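In: dropping the sequence and predicted coords here.
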Amino acid sequence: MTSTRSFVIVVGFDGSEHSQTALSWAMDEARQRNGQLRLITAWNKPPMAWYPAVLETAAGEIAAEESPEHIAGTLQAEALKSAADEGVAASGQVVNSDSPASAILDAAKDADLVVVGSRGHGGFPGLHLGSVSTQVINHAPCPVLVIRPKAS
């Protein structure tokens, strides 16, 4: 029995080196399977934070800091453009969530594969597997591939 549904790959993307590597792998896989990517970028506003933050530099200049939502949207737009440039069908979601893993898992409910980097921006530098990838591995409704960058 054949299916007309496209092979769907969910990619957790936060702009980190690990997520860039995961995106690159997922684009290659989508191209080989004539599939499509679903990029998920999660952001959250820290409690008691006011955005956009305006800072005064030591020289007395005023500098505005981008909001987490704007940064996430920019990162995802760049990733979607990269996929389009490679000829890969891709859609994206920028999600306001305290749990990036939950955002990825919600998007993976009808996916064929989830691809995440082994680590994101947070946590401890020596860890081989971050908290988001660990949660996704343990709770995903489909196969999960965790990508690590090549050793330098």
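Out: Yep, it's here. This structure is a prediction, so every number in the text was calculated from the model and none was measured.

In: so where's the chain uncertain?
Out: 1-4, 46-60, 62-65, 119-128, 151-152 (pLDDT under 70).

In: am I right that residue 145 falls within a strand?
Out: Yes - counting by DSSP: H, G, I helix; E, B strand; the rest coil, residue 145 is found in a strand.

In: just give the closest residue to it, not the sequence neighbours.
Out: The shortest distance from residue 145 to any residue other than its chain neighbours is 4.9 Å, reached at residue 115 (C-beta to C-beta, 6 or more residues apart in numbering). In this view, the C-beta of every residue, glycine as well, is placed from N, C-alpha and C.

In: how about residue 144?
Out: Residue 144 sits nearest to residue 114 (C-beta to C-beta, 6+ apart), 4.6 Å away.

In: can you check residue 116 too?
Out: residue 12 (4.3 Å).

In: just list whatever residues bridge to that neighbour.
Out: residue 40 (DSSP bridges).

In: was I right about residue 109 contacting residue 141?
Out: Yes - using C-beta atoms under 8 Å, residue 109 is in contact with residue 141, at 6.0 Å.

In: strands of this protein, start to end?
Out: For the chain, the strands defined by DSSP state E cover 8-12, 36-43, 54-56, 62-64, 89-96, 113-117, 144-147.

In: in a markdown table, list those strands along with mean neighbour count and distance to residue 27.
Out: Converted to a markdown table, those look like this (neighbours: other C-beta atoms under 10 Å; distance: least, C-beta to C-beta, whole Å):
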| stretch | mean neighbour count | distance to residue 27 |
| --- | --- | --- |
| strand 8-12 | 28 | 9 |
| strand 36-43 | 22 | 7 |
| strand 54-56 | 10 | 37 |
| strand 62-64 | 9 | 33 |
| strand 89-96 | 17 | 8 |
| strand 113-117 | 27 | 10 |
| strand 144-147 | 18 | 12 |
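
In: so for this protein, the centremost residue is which one?
Out: residue 13 (1.3 Å; C-alpha atoms, centre = their mean).

In: show me what contacts that one?
Out: Residue 13 is in contact with 19, 22-23, 39-41, 75-76, 79, counting by C-beta atoms under 8 Å, 6 or more residues apart in numbering.
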